[in-house]
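Visitor: fold the following and give me the result.
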Amino acid sequence: MDKEQEILAAALRLFVEFGFHGTPTSKIAKEAGVANGTLFHYFKTKEDLIVALYNRTKESLNSYLAAQLNEQDPLEERMKRVYFASLEWGLENKPQFHFIQQFHFSPHLAKVSDEDKEKQTRLHAGLMRQASLDGVLKSLRPALIGTILGSHVYGTHQYLVNADLSAEQRKEVMEETFVMLWGMITK
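Guide: Presented below is the predicted three-dimensional model:
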């Protein structure tokens, strides 16, 4: 890995373990095996580092989700596939998934550029737009539907992480919770 990647990997580990405030840049630099000045060569501020890590993590998640979709599938099947893939990615990438949750509930979210927000939500927004055009969504505000979707994924992920389930049982939970979610947002 190059130095920038080492810094991002160290920051991820430390932010997940100690939080944003509990992780000084000097600790990140030490964990990454670089000088503090090297860290600031790549990231002008700690906040820039946090936002860059978030953007890269979301890019990884969204690339994974996009690769799972078949645009020819019916809308409900695509929504289900994104739901399942989100949970699967989260189970395979627990620190990254935890970091995304941390970030969403932090003031750093306001520092993500509009361009990056658009890129990060493009896939989901396209599915929601299609659902709206198809007339399948309940008449709720789009932001509320988005919040319900995200909260449902986070809650189900947390349950799956903590429950002692076989792969088959995990899939059953994912099936059942998707049916519940689909029922909450559709007519």
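
Visitor: hmm, I148 is touching T186, no?
Guide: No: applying C-beta atoms under 8 Å as the test, I148 and T186 come out as separate, 11.5 Å apart. No exception for glycine: its C-beta is placed from N, CA and C like everyone else's.

Visitor: which residue ranges of the chain form helices?
Guide: 3-18, 25-32, 36-42, 46-68, 75-92, 94-104, 114-133, 142-162, 167-185 (DSSP state H).

Visitor: counting by contacts, list what the third one packs against.
Guide: Helices and strands touching helix 36-42, as assessed by 3 or more C-beta pairs under 8 Å, 6 or more residues apart in numbering; DSSP states H and E, comprise helix 3-18, helix 25-32.

Visitor: got JSON lines for those helices, with mean pLDDT and distance to A66 too?
Guide: Output for the helices and strands packed on helix 36-42, formatted as JSON lines (pLDDT from 0 to 100; distance: least, C-beta to C-beta, whole Å):
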{"stretch": "helix 3-18", "mean pLDDT": "98", "distance to A66": "22"}
{"stretch": "helix 25-32", "mean pLDDT": "98", "distance to A66": "30"}
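
Visitor: for S63, find the nearest of the ones you listed.
Guide: helix 3-18 (16.1 Å; C-beta to C-beta).

Visitor: name the residues that touch that closest one?
Guide: Where contact means C-beta atoms under 8 Å, 6 or more residues apart in numbering, the residues beyond helix 3-18 that reach it are 1, 23, 27-29, 31-34, 38-39, 42-43, 49-50, 52-53, 56-57, 95-96, 98-99, 102.

Visitor: can you list the helices of the chain in a markdown table and add mean neighbour count?
Guide: Compiled in a markdown table, these are given as follows (neighbours: other C-beta atoms under 10 Å):
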| stretch | mean neighbour count |
| --- | --- |
| helix 3-18 | 18 |
| helix 25-32 | 18 |
| helix 36-42 | 15 |
| helix 46-68 | 17 |
| helix 75-92 | 18 |
| helix 94-104 | 18 |
| helix 114-133 | 14 |
| helix 142-162 | 15 |
| helix 167-185 | 14 |
